[in-house]
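> One predicted model, sequence on top.
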Amino acid sequence: MAKPDNTGSSLVCYVAVFVGALCLVGLILTVVHRLLPLLQVLIPIIIGGWIWQRQRQKQQRRQKRLDKTFYKLLQAHQGRMMLLDFAMSAQISAIAARHYLNARASEFAARFEVTEQGDVLYVFSSLQFDRSQPTAITADMRSTEAPTHSPIPSLPESLTQAELAKRLGVSAKTISRQKRSALLSHWTQLRDPAGIGWFYSAQTRRFCPTSDAPIHHDMEHG
């Protein structure tokens, strides 16, 4: 008996598979072509929505961080806040800090005061704070008279940053942030147990009593 020839049947199978694949590809291309106008609209919407959601989450995190810094400084300064203090603590630009504080001032009906250096002081008097805590910024900052103190025998000639922080009852980081401020003597005077103002000497890198201060301080170096 002669063996059946399978060559023809195999060729038919290959052709059928090839034709089926072509039909499937053609069907896919047809569907994509018909959906192309819709995809051109949906894809940008999906991508845009994803980007907007990420930006919104980023803004929310930033707002929470600014709010936390704002209320923390308000509590520490008894409702008084300067633009520079907030910008440094929040690590944002002066423009962004002013925009935020102006919004909060409008929200809480705050008033404004101007220091002798021309800086704007935000006063949130409508908010209630624990008055037992020392005030970091007060209206005395507007005084044009330099503080004068009688010499105190036990007063050290100078202090390190850590020693001054311990004397004033604040952290060394706070002293480091305030030491180049033009309001340093006023700020330290309000917290010093003996009512002594202090200034920072860039030459010695130590803090000296205001009674020993020169006529002007070199606060820009250091």
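That came in fine, so what should we check first? Residues are numbered from 1 along each chain as shown.
> C-alpha only now, for contacts and for neighbours.
Fine.
> top helix in this protein by residue count?
Determined from DSSP state H, the single longest helix within the chain is helix 7-76.
> For that one, which helices and strands make contact with it?
Judged by 3 or more CA pairs under 8 Å, 6 or more residues apart in numbering; DSSP states H and E, the packing partners of helix 7-76 are strand 80-82, helix 83-90.
> If we go by neighbour counts, what in the shortest one is buried?
Yep, that's strand 80-82 we're talking about. 80-82 (16 or more other CA atoms under 10 Å).
> Columns pLDDT and distance to T160 on top of these, output as a markdown table?
Putting these into a markdown table (pLDDT from 0 to 100; distance: CA to CA, whole Å) gives the following:
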| residue | pLDDT | distance to T160 |
| --- | --- | --- |
| R80 | 85 | 28 |
| M81 | 85 | 27 |
| M82 | 85 | 26 |
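> Now that we have those, can you turn them into TSV and tack on distance to S171?
Formatted as TSV, the buried residues of strand 80-82 follow (distance: CA to CA, whole Å):
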residue	distance to S171
R80	19
M81	18
M82	19
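> Which of those lies at the shortest distance from A194?
R80 (23.2 Å; CA to CA).
> Skipping adjacent residues, who's closest to the closest one in space?
With CA to CA, 6 or more residues apart in numbering as the criterion, R80 has its nearest non-adjacent residue at 4.6 Å, and that residue is V123.
> what's that neighbour sitting at in phi/psi?
Backbone torsions of V123, given as degrees, to the nearest 10, read phi -120, psi 110.
> and it, what does it touch?
V123 makes contacts with 79-81, 110-113, as judged by CA atoms under 8 Å, 6 or more residues apart in numbering.
> Closest to the centroid, which residue in the protein?
For the chain, the residue sitting closest to the mean C-alpha position, by CA atoms, centre = their mean, is A90 at 2.8 Å.
> Look up how far Q55 lies from that residue.
20 Å (CA to CA, to the nearest Å).
> about what we covered before: I'd assumed D67 was in contact with the residue nearest to the centre of the chain.
No - assessed by CA atoms under 8 Å, A90 is found out of contact with D67, at 9.4 Å.
> what about the least confident helix or strand in the chain by mean pLDDT, distance to the chain center?
In the chain, no helix or strand scores lower on mean pLDDT, DSSP states H and E than strand 111-114, which sits at a mean of 78. Its chain's C-alpha centre lies 23 Å from the corresponding centre of strand 111-114 when counted by CA atoms, centre = their mean, to the nearest Å.
> tell me which strands and helices that strand is in contact with?
strand 120-123.
> The strand it packs on pairs with which strands, and in what direction?
Applying DSSP bridges, strand 120-123 is found paired with strand 80-82 (antiparallel), strand 111-114 (antiparallel).
> Relative to L164, which of those strands is closest?
strand 80-82 (22.5 Å).
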